[in-house]
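Student: One predicted model, sequence on top.
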2 protein chains.
Amino acid sequence: MTSYVQRLAERSQSVGSFVCIGLDPPAEVPVEQVASRNRALIEATAPYAACFKPNLAFYEQFGIPGLRALEQTLAAIPEGIPVIADGKRGDVGNTAAAYARSLFEVWGFDAATVNPFQGRDAVEPFLAYEDRGVYLLCRTSNPGSATVQNALLASGEPLYERLAKEMPSWGPNVGLVVGATAPSELVRVRTLAPSTTLLVPGVGTQGGDPAEVVAAVNADFGNMVVNASRSIANAPDPATAARELRDALSNPVSEFKEVAVGDVWRMGRQHPCGGWEWRVYRTGADIGLACLECGRRVMLERRRFEQRAKTRVSTSS
Amino acid sequence: MTSYVQRLAERSQSVGSFVCIGLDPPAEVPVEQVASRNRALIEATAPYAACFKPNLAFYEQFGIPGLRALEQTLAAIPEGIPVIADGKRGDVGNTAAAYARSLFEVWGFDAATVNPFQGRDAVEPFLAYEDRGVYLLCRTSNPGSATVQNALLASGEPLYERLAKEMPSWGPNVGLVVGATAPSELVRVRTLAPSTTLLVPGVGTQGGDPAEVVAAVNADFGNMVVNASRSIANAPDPATAARELRDALSNPVSEFKEVAVGDVWRMGRQHPCGGWEWRVYRTGADIGLACLECGRRVMLERRRFEQRAKTRVSTSS
């Protein structure tokens, strides 16, 4: 039984993409056309898709015929591409179990978004499905989210930070939803939950910047997907829009970094030993680095190095 | 256009009941039997029902056939009894609008439970339906709810108290969901949101005591409904179980209170002037009371007085 994160990582790596394609049919589309519209969108964007994400609201708005269209939509998604149910369900005990049964057993989704307002016991029935992913809302990007998520706690931290620290301990298949529109909060969440997979909505129509997201998250395949819905579905050519977002997320470093043996670079992510700075001991297609703190040596592909290295602290020359 | 609260109050008063009957088919029932089972439950309990509340999870767990059963269930509810969609939906902007469209326009529910984790702008699309009710989660009764809802804020109050103060200002059709299993928190919410309609789950199987709920809320028709699901649906005789709960909620005072002119009583609810204590100036079918703080005089039906008066502070004799 492979875990959701493994399956996501494999798919994501095989197409070199962090893009999650939202499948959110607008209310104006006649429900009879929803499935065929989605089929065309899926066909055009699948080569660039790490995963697909239908938001259930946009099917429920058409009643039962909308759910028939969801059925046909899911059938059109090629085998091997994970599909996330975005329903933000949340309830307790046997009610949560019924939702989990619906999403994971009846509909067969690989992962689901879940609302943590009712706490851990409300989430556990979802976590009981060991091969499925559960993305818990942590910091959404709408203005009103401040009331609850940014509520300042007596401990001095906003609620979303406490959740980012605590929720990953609820189970190995916990992921977090963090909006792209507040990159500094994305950095905080990544720092507090360094190895948790993130679902990041809010690039495209909502204004989040792909390069900022990648810089904030230090993306590795499997540990992040970035969702775009309207900005791809409504583009004149969705395939091109999806490819461009894939490229913007995968190759965010536009300038080639000059790297010389002896340079010291500060990385965007902390080494487990506590260190942030590394000395280059070898250059080429792979870059050899030694941690200034503990001396450990690693080799990084140049592309990966360019993503992770933030600032040159000193040069050898 | 009558508001939801008006419609609820009329229905509630006409049957003298605060009971909300939950319609939550268990997973073990074959989906083909869900509608007929519900029809029998509705028929037996309607004379005692202020409203009905299907929890959507228990229909979604059967997939599309479950939603067909929901359709048939709604058709079996007599005209004039409000129906609450318990889906605890929550999402932002046009997604929330799609959920509201689904619940209020496609399904025709009178009210819906909504999760406030994403803040006011996520709730507004529901509030835009002026004749419908929106019950926002405030303090649920499960153990894990403490993580978020009881998180202690820098201002010194738990989050649910801030929400109880703030959320009623979001619109005239806001109600709150507060569990029956923590009566002291129910009292806090009622004090902070004195005129907001409450949906109180947790009596019956979950252990909440009807008499404590009524004492905490100072129930008036329209300002409270108390939900029971399994304790009625699984009772040997659901009609009797529903009638008994109606009676327990409507006539919670088992002992007749001895009232004499000159007595001072402390009431369960604060007078707008700030006072809590009242002197009896007249007895009979109606009790005449004068506020010790501001002197204002009111007449209360004896039954209402018996519900509201908490302790005799002093006697005239």
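Tutor: Cool, got the structure. Numbers count the residues shown, from 1 in each chain, chains lettered A, B, ... in the order given.

Student: List the residues that contact A:A241.
Tutor: A:228, A:231-232, A:235 (C-beta atoms under 8 Å, 6 or more residues apart in numbering or on different chains). For every residue, glycine as well, the C-beta is placed using N, CA and C.

Student: how many other residues sit next to the residue lying closest to A:T95 once chain neighbours are set aside?
Tutor: Nearest residue to A:T95, sequence neighbours excluded (C-beta to C-beta, 6 or more residues apart in numbering or on different chains): B:A57, at 4.8 Å. B:A57 has 23 neighbours, counted by other C-beta atoms under 10 Å in any protein chain shown.

Student: can you give me the strands in chain A?
Tutor: A:19-23, A:51-54, A:84-89, A:111-114, A:133-139, A:174-178, A:197-200, A:224-228, A:264-267, A:277-282, A:286-291, A:297-301, A:309-314 (DSSP state E).

Student: Would you reformat those strands as a markdown table and include distance to B:Q72, mean pLDDT and mean neighbour count?
Tutor: Below are those laid out as a markdown table (distance: least, C-beta to C-beta, whole Å; pLDDT from 0 to 100; neighbours: other C-beta atoms under 10 Å in any protein chain shown):
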| stretch | distance to B:Q72 | mean pLDDT | mean neighbour count |
| --- | --- | --- | --- |
| strand A:19-23 | 30 | 98 | 26 |
| strand A:51-54 | 26 | 98 | 26 |
| strand A:84-89 | 23 | 98 | 28 |
| strand A:111-114 | 27 | 98 | 28 |
| strand A:133-139 | 32 | 97 | 26 |
| strand A:174-178 | 35 | 97 | 26 |
| strand A:197-200 | 36 | 96 | 25 |
| strand A:224-228 | 36 | 95 | 28 |
| strand A:264-267 | 60 | 88 | 18 |
| strand A:277-282 | 66 | 92 | 18 |
| strand A:286-291 | 65 | 92 | 20 |
| strand A:297-301 | 59 | 89 | 13 |
| strand A:309-314 | 60 | 80 | 14 |
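
Student: Kindly reformat those strands as TSV containing distance to chain B.
Tutor: Shown next, in TSV, are the strands of chain A (distance: least, C-beta to the nearest C-beta, whole Å):
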stretch	distance to chain B
strand A:19-23	10
strand A:51-54	12
strand A:84-89	5
strand A:111-114	9
strand A:133-139	6
strand A:174-178	10
strand A:197-200	14
strand A:224-228	12
strand A:264-267	33
strand A:277-282	35
strand A:286-291	36
strand A:297-301	37
strand A:309-314	32
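
Student: so where is the stretch 201-317 of chain A shaky, pLDDT-wise?
Tutor: Where the stretch 201-317 of chain A drops to pLDDT under 70, the residues are A:251-257, A:317.

Student: let's go with 80 and repeat that
Tutor: Residues of the stretch 201-317 of chain A that meet the criterion pLDDT under 80 lie in A:204-208, A:218-219, A:251-258, A:268-269, A:303, A:307-308, A:310-311, A:315-317.

Student: Show me which residues of it are close to chain B?
Tutor: Counting by C-beta under 8 Å from any C-beta of the partner chain, no residue of the stretch 201-317 of chain A lies close to chain B.

Student: Okay, helices next: where are they in the stretch 201-317 of chain A?
Tutor: If DSSP state H, counting those that start in this stretch is used as the criterion, the helices of the stretch 201-317 of chain A fall at A:210-217, A:230-233, A:238-250, A:302-308.

Student: Buried residues of the third one, list them for me.
Tutor: It refers to helix A:238-250. A:238-239, A:241-246, A:248-250 (16 or more other C-beta atoms under 10 Å in any protein chain shown).

Student: could you give the mean pLDDT of the lengthiest helix in chain A?
Tutor: The single longest helix within chain A, with elements called by DSSP state H, is helix A:31-45. The pLDDT scores in helix A:31-45 average 98.

Student: That one and chain B in contact?
Tutor: No. Among the residues of helix A:31-45, none lie within reach of chain B under C-beta under 8 Å from any C-beta; the closest is 10.7 Å away.

Student: what's the angle between that helix and strand A:19-23?
Tutor: Helix A:31-45 and strand A:19-23 meet at an angle of 170 degrees, taking axes from the mean of the first three to the mean of the last three C-alpha atoms, to 10 degrees as the criterion.

Student: Quick check: A:Q307 touching A:A216?
Tutor: No. At 11.7 Å, A:Q307 does not count as touching A:A216 under the criterion of C-beta atoms under 8 Å.

Student: Between the two, tell me which one has more neighbours.
Tutor: More crowded of A:Q307 and A:A216, by other C-beta under 10 Å: A:A216, with 25 against 22.

Student: Who are the contact partners of the more buried one?
Tutor: Contacts of A:A216 by C-beta under 8 Å, 6+ apart are A:183-184, A:186-187, A:190.

Student: how is chain A carved up into domains?
Tutor: A:4-250, A:264-314 (automatic domain parsing).

Student: Return the most buried member of those.
Tutor: Burial of the domains of chain A is given as mean neighbour count (mean count of other C-beta atoms under 10 Å in any protein chain shown); domain A:4-250 ranks first at a mean of 21.

Student: Over to it now: how far is its first residue from its last?
Tutor: Using C-alpha to C-alpha, to the nearest Å, the end-to-end distance of domain A:4-250 comes out at 21 Å.

Student: Which members of the contacts of A:A216 occur in helices, if any?
Tutor: Those of those lying in helices (DSSP H): A:183-184, A:186-187, A:190.

Student: pLDDT and distance to chain B for the residues you listed - can I get that in JSON lines?
Tutor: Formatted as JSON lines, the ones in helices among the contacts of A:A216 follow (pLDDT from 0 to 100; distance: C-beta to the nearest C-beta, whole Å):
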{"residue": "A:P183", "pLDDT": "83", "distance to chain B": "19"}
{"residue": "A:S184", "pLDDT": "86", "distance to chain B": "19"}
{"residue": "A:L186", "pLDDT": "92", "distance to chain B": "17"}
{"residue": "A:V187", "pLDDT": "91", "distance to chain B": "21"}
{"residue": "A:R190", "pLDDT": "93", "distance to chain B": "21"}
